[in-house]
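[1] Turn this into a structure:
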Amino acid sequence: MLAAKEELAKIQEIEALTYEISDEAIDRKSRKLLSKVAYKEIANLQEELSAEKRLGTEFRRRMELRFCSLKPRLKEFENGRLPFICLQYKDSEGVENLVPAVYLGKVESLDGSKLKKLISIDDSFALSIVGTELNAGEPDTHQDVGPTYYVALGSDNSWYLFTEKWIKTVYRSDFPDVALTQGEALPREIMRTLLDKEKMQWEKLADSELGGLWYMEGSLET
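    I've put the predicted structure just below:
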């Protein structure tokens, strides 16, 4: 009986401390300690921070939905035809740029390639996971919504390394992965070989919390 009373007293003490540090309690004390002008300034700042947080949450939610729609679509092209895509980014001066390109594949799938090895050891290409769960109401349902690196060959004869963030369009038109002449390697294999011959001197065009956009000039052979 004595032990139960002591346990109840501890619980009541914890509840009292929790009450003291609640938002409502802090707000009441702030009203008492601060002038009306100072309190209003703080209240406005808190509202601005809350609004920014809501915008950030909504942005992340939209990106998660976008990633979830893009990932399976890009996966379909890993062993089939080579789709045409369009990348979009703003340069350091705020000018919007569009880059038509032929999609090669996800870097993780390029086993044994110099690019895959580079990304695994160079922290410059490190990615942060922005989310692992799409439906908050279903905690047991996990989806891959984190950014992933892909590679494509641009119409300017440059290689582009990018995440889902930079993809504007995946076109229905594509390039058939069929040998042009009998006995010749398939276009996908030719592209992989040419990419592996490059010196891997990548330059960053744009950056975001969802991964960067990098490019590398292709050789004359490319």
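
[2] which stretches of the chain have low pLDDT?
    Residue ranges of the chain with pLDDT under 70: 1-34, 39, 51-52, 55-60, 63, 129-145.

[3] quick one, helices of it?
    Ranges of helices within the chain are 2-20, 23-33, 36-75, 114-121, 187-197, based on DSSP state H.

[4] Can you point out the buried residues in the third one?
    Read that as helix 36-75. Under the neighbour-count criterion of 16 or more other CB atoms under 10 Å, helix 36-75 has 63-64, 67, 70-71, 74 buried. To be clear about C-beta, it is placed using only N, CA and C from the backbone, and glycine gets the same treatment.

[5] Make a markdown table from those residues and add distance to A179 to it.
    Below are the buried residues of helix 36-75 laid out as a markdown table (distance: CB to CB, whole Å):
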| residue | distance to A179 |
| --- | --- |
| M63 | 38 |
| E64 | 39 |
| F67 | 34 |
| L70 | 29 |
| K71 | 29 |
| L74 | 24 |
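
[6] Now do K204 against S173, distance only.
    Distance, K204 to S173, by CB to CB, to the nearest Å: 29 Å.

[7] who's more crowded, the two?
    K204 (12 against 7; other CB atoms under 10 Å).

[8] Give me the most central residue, this structure.
    Nearest to the geometric centre of the chain sits L210, at 2.8 Å (CA atoms, centre = their mean).

[9] show me what contacts the residue lying closest to it once chain neighbours are set aside?
    Once flanking residues are discounted, L210 sits nearest to K165: 4.0 Å by CB to CB, 6 or more residues apart in numbering. Listed by CB atoms under 8 Å, 6 or more residues apart in numbering, the contact partners of K165 are 63, 147, 208, 210-211, 213.

[10] one more time with 7 Å, if that's ok
    By CB atoms under 7 Å, 6 or more residues apart in numbering, K165 lies in contact with 147, 208, 210-211.

[11] again, but for K114
    For K114, the contacting residues are 196, 200, by CB under 7 Å, 6+ apart.

[12] same deal with Y103?
    Shown in contact with Y103 (CB under 7 Å, 6+ apart): 77, 82-83, 85, 150, 152.

[13] Compute the number of surrounding residues for the closest residue to L180 other than its chain neighbours.
    In space, and not counting its chain neighbours, L180 is closest to P187: 7.9 Å by CB to CB, 6+ apart. Counted by other CB under 10 Å, the residues lying close to P187 total 18.

[14] show me the contacts for P187.
    Counting by CB under 7 Å, 6+ apart, P187 makes contact with 82, 175, 177.

[15] what's near enough to touch the last one?
    If a contact means CB under 7 Å, 6+ apart, then D177 has 80-82, 186-188 as its contacts.

[16] if I look at the residue nearest to the centre of the chain, how far off is Y89?
    For L210, the distance to Y89 - CB to CB - is 12 Å.

[17] try C68
    Counting by CB to CB, the separation of C68 from Y89 is 22 Å.
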